[in-house]
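Q: build the 3D model from these lines:
(one chain, ligands or ions: 2)
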Amino acid sequence: MIKVLVAGFMGSMGQKTVSMVNENDNFELVGAYSPNVDVAHMQGMGLNDNVKLFGDLKDIQTDADVWIDFTIPAAAFENAKFAIEHGIHPVVGTSGMSDDQVSELQKLAADKGVGGIIAPNFGLSAVLLMKFAKEAAKYMPDVEIIEMHHADKLDAPSGTALSTAKMIDEVRGNHPTPKSDETLSGVRGGDYNGIKIHSVRLPGYIAHEQVLFGGKGEALTIRQDSFDRGSFMNGVEIAVPAAAKATKLIVGLENIL
Ligand SMILES: NC(=O)C1=CN([C@@H]2O[C@H](COP(=O)(O)OP(=O)(O)OC[C@H]3O[C@@H](n4cnc5c(N)ncnc54)[C@H](OP(=O)(O)O)[C@@H]3O)[C@@H](O)[C@H]2O)C=CC1
Ligand SMILES: O=C(O)C1=N[C@H](C(=O)O)C[C@H](O)C1
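A: Numbering: from 1, shown residues only. Ligands and ions are numbered 1, 2, ... in the order given. Below is the predicted model of the structure:
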């Protein structure tokens, strides 16, 4: 039995995670963390009497094996650091950590021998999109990324779009970006080593990404859509046992599939 603590348990992803953990016979929910939690209003949150509730990082005392984090970009690093320092294997879905923060966590995880997983996206369609985009970029290096998310998303670009750009960058080498004078500031989007990223935020959307490749007289578009947050849970379910036995911090679901 793998004992699990869910950080950000009251959020959209946190609630999906609580249900997934409760429904999996190999997992046991032992802890739930969200700042300023109101203990009087926990009905319907999927927490049984055995789940310890925490409203502050410094109060957390738990025998959890795995820490699942779906919180906010500003909290992900401190939460994961806390988990590793306390021997709890992190499974981090929260976006927005910097490369330096990820490197620092990887070093800490290696020092402590407490591994885990950071996954920019737990959805199979997004993992495949990144893989296919990396392959396509070897042959079609002219590429731009458009990601579309719900209006409540705190960070831009999405972790998935940034990760896609990094994977493409690994194979496409130095390649010129078409130059155009912006008559409207920012209209050409963000820039990762010459790869343009465009972030759309609209109500009604959940999480979607298109990678557009252009070539001489032809184009290729790779697109994925996450229509329901439940779609991320297969990946989280795979990540929990993998994290529990990991001795280093792995980045990317594709590395454990
Ligand atoms: N890797 C993946 O596959 C996926 C990643 N995500 C990422 O997961 C994160 C959460 O997304 P989502 O559930 O939609 O967001 P929500 O805003 O719905 O949930 C975030 C929750 O985290 C809580 N929270 C805030 N600060 C802390 C903290 N310091 N510690 C613990 N909990 C905290 C919030 O509480 P309060 O509201 O009280 O502030 C809120 O309940 C985002 O970064 C998102 O990009 C989302 C989907 C898939
Ligand atoms: O905020 C979201 O919703 C999502 N965030 C992740 C990201 O930043 O890539 C994963 C997925 O796109 C949903």
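
Q: for the rest of this, base every contact and every neighbour count on C-alpha atoms.
A: Will do.

Q: what residues does stretch 108-115 touch?
A: Here stretch 108-115 makes contact (C-alpha atoms under 8 Å, 6 or more residues apart in numbering) with 81, 84-85, 87-90, 116, 243-250.

Q: ligand 2 contacts on this structure?
A: With C-alpha under 6 Å from any ligand atom as the criterion, the chain meets ligand 2 at residues 95, 120-121, 153, 158-160, 207.

Q: out of those residues, who's nearest Ile60?
A: Ile60 has its nearest neighbour among these in Ser95, at 22.5 Å by C-alpha to C-alpha.

Q: from the residues of the chain next to ligand 2, which land in helices?
A: 159-160 (DSSP state H).

Q: just the buried residues out of the residues of the chain next to ligand 2, in PyMOL syntax.
A: In PyMOL, this line selects whichever of the residues of the chain next to ligand 2 come out buried by 16 or more other C-alpha atoms under 10 Å:
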select buried, resi 95+120+121+158+159+160+207
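
Q: export the residues of the chain next to ligand 2 as a markdown table, with columns for pLDDT.
A: Below are these laid out as a markdown table (pLDDT from 0 to 100):
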| residue | pLDDT |
| --- | --- |
| Ser95 | 96 |
| Pro120 | 98 |
| Asn121 | 98 |
| Lys153 | 97 |
| Ser158 | 98 |
| Gly159 | 97 |
| Thr160 | 98 |
| Ala207 | 98 |
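
Q: TSV for the residues of the chain next to ligand 2, including distance to ligand 1?
A: Listed next are the residues of the chain next to ligand 2 as TSV, based on distance: C-alpha to the nearest ligand atom, whole Å:
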residue	distance to ligand 1
Ser95	4
Pro120	4
Asn121	3
Lys153	7
Ser158	7
Gly159	7
Thr160	8
Ala207	8
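
Q: ok so, going back, which among the contacts of stretch 108-115 end up buried?
A: 81, 84-85, 87-90, 116, 243-244, 246-250.

Q: ok, the lowest-mean-pLDDT helix or strand in the chain: who's next to it in the sheet?
A: The helix or strand of the chain with the poorest confidence is strand 52-54; it has a mean of 94 (mean pLDDT, DSSP states H and E). Applying DSSP bridges, strand 52-54 is found paired with strand 27-33 (parallel).

Q: what about the partner strand, average pLDDT?
A: For strand 27-33, the mean pLDDT works out to 96.
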